[in-house]
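Novice: Based on what follows, work out the 3D shape:
(chains A, B, C and D)
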Protein chains: 2
Amino acid sequence: MARNPISPSKARRPLASADETRLALIRAALKLFGAQGFDATSTREIAARANANVASITYHFGGKEGLRAAAAEQIVLTLRTNEGALLAESLDPRTLSADEAEGHLVSVFDAMASFLLATPEAEDIALFILRELAQPTAALDIIYEGMFRPTHERMCQLWAAATGEGPDSEATKVTLLTLIGQVVYFKFGRAAVLRRMGWSSIDEDKAGLISGTVRANVRAIVASRRKPVPTA
Amino acid sequence: MARNPISPSKARRPLASADETRLALIRAALKLFGAQGFDATSTREIAARANANVASITYHFGGKEGLRAAAAEQIVLTLRTNEGALLAESLDPRTLSADEAEGHLVSVFDAMASFLLATPEAEDIALFILRELAQPTAALDIIYEGMFRPTHERMCQLWAAATGEGPDSEATKVTLLTLIGQVVYFKFGRAAVLRRMGWSSIDEDKAGLISGTVRANVRAIVASRRKPVPTA
DNA sequence: GTCTATAAACAGATAGAC
DNA sequence: GTCTATCTGTTTATAGAC
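Specialist: As a prediction, this is how the structure comes out:
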């Protein structure tokens, strides 16, 4: 039953549904937590940006802290739909030849670079994660399990297929971390990178230069570690 | 003239000098700004940790913001005395052979890794910088000019001497940024790295594994980019 | 479910005694 | 230079009308 079946003049703007309010709050929180930090962002500010009121945060999320967890879940969801295609495909790396695996590995880094450096949504997400890395909360656990670990695992499998090293060895895992570091530094260290390069932003051309460099680096490192195929 | 020439019982603990108070405040601020963020840290908390009182912050630094700048200056000072030896040496990279330059470049990364990953002081510093990267202030300018730019410039010169590429080209600068990213990721992404590796901390052994991997990567990438020496 | 009003705690800055 | 007390503004959370 509608609360206000006949109100010809009172409700000039249709009231947002509960779900719309919820999502608007999450979006606003994601942006503001990333841009200013959790503590520096007031619930009033979030509510204002979401066209809602402060009390709605307590109502929907139990409080500011619950809103942070919801934002982390939203990040995982976005990442799954954008980048997931490459990673979640059922393709078994063990059936690939070394060259095919190397090609796939390079593609994964390409996808990562282009999402991270050239997608508008990545802006808020990267900053949110950066702040969680500085001071981990339950939100980081959500992002770690939903994104970080699956991606890194997949990369290790491709690396193993490309080089012949074990997918779970410390050496493999550390190596993939160094490779990931190459890319994410441009996002996390953006402020310093831009100054040093004399760039005002990272546009598509610049992203291409970066991902080309990363691609070449990955290929050089794989080549240096590739093991001779057993001739048995 | 002493304020209290004869007070046998009143002053049980000798009063800290102005400089001692100043330094204690800077140290406390550096740690707390890094651990909790600037906005989440109250001046009362800083004063308590420094065994001083709130009003002393305004007196010595003009306010909370001035304390942040002083912390950034302290970081540059620490970095200069610790790592500076490697970078500031008057050695001209252009007089080096390609092999010597490559060796020096590898050493610079080794020094960076061991400072970053195995030095206790690096803890507070890295977190402080991480937060400045998320939300740059005047403090980042101080650190950029005092540390980031000189280090990166020096690396580019060594790279140029090792490969024959130009020290100021975009390709060189981007490449060195990817190489730096390999290392710093273990510090900035520490929370995720530890989970993924199943480590509880990065001790000396682990730092050795990481810097060994980075060393091998750098050599592989240099080798893949090395230009044939002109035979003229 | 949404919104206004308010409660209770805490922030940074400062005045003035010492 | 240090310290206590206080001013002014802002914070999250909540009670209760609608």
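Novice: Quick check, pLDDT for residue A:232.
Specialist: Looking at residue A:232, its pLDDT is 54.
Novice: I meant to write residue A:12 there.
Specialist: 35.
Novice: now residue A:31
Specialist: On the pLDDT scale, residue A:31 gets 97.
Novice: And for it, the neighbour number?
Specialist: By the criterion of other C-beta atoms under 10 Å in any protein chain shown, residue A:31 has 19 neighbours. Quick note: C-beta positions are derived from backbone N, CA and C, even for glycine.
Novice: What sits closest to it if chain neighbours are left out?
Specialist: Nearest residue to residue A:31, sequence neighbours excluded (C-beta to C-beta, 6 or more residues apart in numbering or on different chains): residue A:124, at 4.8 Å.
Novice: repeat for residue A:91
Specialist: Counting by C-beta to C-beta, 6+ apart, the residue nearest residue A:91 is residue A:104, at 7.9 Å.
Novice: before we move on, what about residue A:136?
Specialist: Nearest to residue A:136 is residue B:191, by C-beta to C-beta, 6+ apart, at 4.5 Å.
Novice: Check residue A:118 too.
Specialist: Using C-beta to C-beta, 6+ apart, the closest residue to residue A:118 is residue A:207 (4.5 Å).
Novice: So what touches stretch A:63-76?
Specialist: A:22, A:25-27, A:29-30, A:33, A:38, A:43, A:46, A:57, A:60-61, A:125, A:128-129, A:132, A:137-140, A:142-143, A:146-147 (C-beta atoms under 8 Å, 6 or more residues apart in numbering or on different chains).
Novice: Indicate whether that stretch makes contact with DNA strand C.
Specialist: No: Stretch A:63-76 stays clear of DNA strand C (C-beta under 7 Å from any atom of the strand), getting no nearer than 13.1 Å.
Novice: what comes up buried for that stretch?
Specialist: Buried positions in stretch A:63-76, judged by neighbour count with 16 or more other C-beta atoms under 10 Å in any protein chain shown: A:64, A:67, A:68, A:69, A:70, A:71, A:72, A:74, A:75, A:76.
Novice: could you dump those residues to TSV with distance to residue A:52, secondary structure and pLDDT?
Specialist: As requested, these are exported to TSV (distance: C-beta to C-beta, whole Å; DSSP: H, G, I helix; E, B strand; the rest coil; pLDDT from 0 to 100):
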residue	distance to residue A:52	secondary structure	pLDDT
A:64	14	helix	94
A:67	11	helix	96
A:68	17	helix	96
A:69	18	helix	96
A:70	14	helix	96
A:71	15	helix	97
A:72	20	helix	97
A:74	16	helix	96
A:75	21	helix	96
A:76	23	helix	95
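Novice: By mean pLDDT, point me to the weakest helix or strand of chain A.
Specialist: When each helix and strand of chain A is scored by mean pLDDT, DSSP states H and E, helix A:84-88 comes last, with a mean of 61.
Novice: Report the mean per-residue pLDDT for stretch A:47-56.
Specialist: Over the span of stretch A:47-56, the pLDDT mean works out to 93.
Novice: Endpoints of that stretch, how far apart?
Specialist: Across its full length, stretch A:47-56 reaches 8 Å end to end, with C-alpha to C-alpha, to the nearest Å as the criterion.
Novice: picking that back up, distance check, the residue nearest to residue A:91 against residue A:173.
Specialist: Look at residue A:104 and residue A:173: by C-beta to C-beta, to the nearest Å, they are 18 Å apart.
Novice: For chain A, give me the ranges with low pLDDT.
Specialist: Residue ranges of chain A with pLDDT under 70: A:1-16, A:83-90, A:230-232.
Novice: which bits of it sit near DNA strand C?
Specialist: Residues of chain A lying near DNA strand C by C-beta under 7 Å from any atom of the strand: A:15, A:16, A:17, A:18, A:21, A:52, A:53, A:54, A:55, A:56, A:59, A:60.
Novice: Kindly recompute the last result at 6 Å.
Specialist: By the rule C-beta under 6 Å from any atom of the strand, the part of chain A lying against DNA strand C is A:15, A:16, A:18, A:21, A:52, A:53, A:54, A:55, A:56, A:59.
Novice: Nearest residue to the fifth one in space, please, no chain neighbours.
Specialist: The shortest distance from residue A:52 to any residue that is not its chain neighbour, by C-beta to C-beta, 6+ apart, is 5.2 Å, and that residue is residue A:21.
Novice: Let me know the helix or strand that the one you found is in.
Specialist: Using DSSP states H and E, residue A:21 maps to helix A:18-36.
Novice: Distance from the chain centre to that helix, please.
Specialist: Distance, stretch centre to chain centre, for helix A:18-36: 16 Å (C-alpha atoms, centre = their mean, to the nearest Å).
Novice: And the helices in chain A?
Specialist: Secondary structure of chain A by DSSP state H: the helices cover A:18-36, A:43-49, A:54-61, A:64-82, A:84-88, A:98-118, A:121-134, A:138-143, A:149-163, A:170-188, A:190-197, A:204-225.
Novice: what helices or strands is the longest one leaning on?
Specialist: Read it as helix A:204-225. Helix A:204-225 sits against helix A:98-118, helix A:149-163, helix A:170-188, helix B:170-188, helix B:204-225, with contacts defined as 3 or more C-beta pairs under 8 Å, 6 or more residues apart in numbering or on different chains; DSSP states H and E.
Novice: so, in contact with chain B or not, stretch A:193-203?
Specialist: Yes: using C-beta under 8 Å from any C-beta of the partner chain, stretch A:193-203 reaches chain B at A:193, A:195, A:196, A:197.
Novice: what number of residues lie near the third one?
Specialist: Right, the one you point to is residue A:196. Residues lying near residue A:196 (other C-beta under 10 Å) number 19.
Novice: hang on, it packs against residue B:173?
Specialist: Yes: contact criterion C-beta atoms under 8 Å: residue A:196 and residue B:173 qualify, at 6.6 Å.
Novice: hey, what's in contact with both of those two?
Specialist: Common neighbours of residue A:196 and residue B:173 (C-beta under 8 Å, 6+ apart) are residue B:152.
Novice: Run through the residues that contact the residue lying closest to residue A:49 once chain neighbours are set aside.
Specialist: Excluding the flanking residues, the one nearest residue A:49 by C-beta to C-beta, 6+ apart is residue A:28, at 3.9 Å. The contact partners of residue A:28, by C-beta under 8 Å, 6+ apart, come to A:46, A:47, A:49, A:50.
Novice: and the last one, what is it in contact with?
Specialist: This means residue A:50. Residue A:50 neighbours (C-beta under 8 Å, 6+ apart): A:21, A:24, A:25, A:27, A:28.
Novice: go on, the second one?
Specialist: Contact criterion C-beta under 8 Å, 6+ apart gives A:25, A:28, A:53, A:54, A:56, A:57 as the residues in contact with residue A:47.
Novice: what would those residues look like in CSV with distance to DNA strand D?
Specialist: Conversion of the contacts of residue A:47 to CSV gives the following (distance: C-beta to the nearest atom of the strand, whole Å):
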residue, distance to DNA strand D
A:25, 12
A:28, 13
A:53, 8
A:54, 5
A:56, 9
A:57, 6
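Novice: quick check, nearest of those to residue A:183?
Specialist: Residue A:183 lies nearest to residue A:28 out of the contacts of residue A:47, by C-beta to C-beta, at 28.3 Å.
Novice: Looking at the contacts of residue A:50, state which has the most neighbours.
Specialist: Neighbour max across the contacts of residue A:50 (other C-beta under 10 Å) = residue A:25, 25 neighbours.
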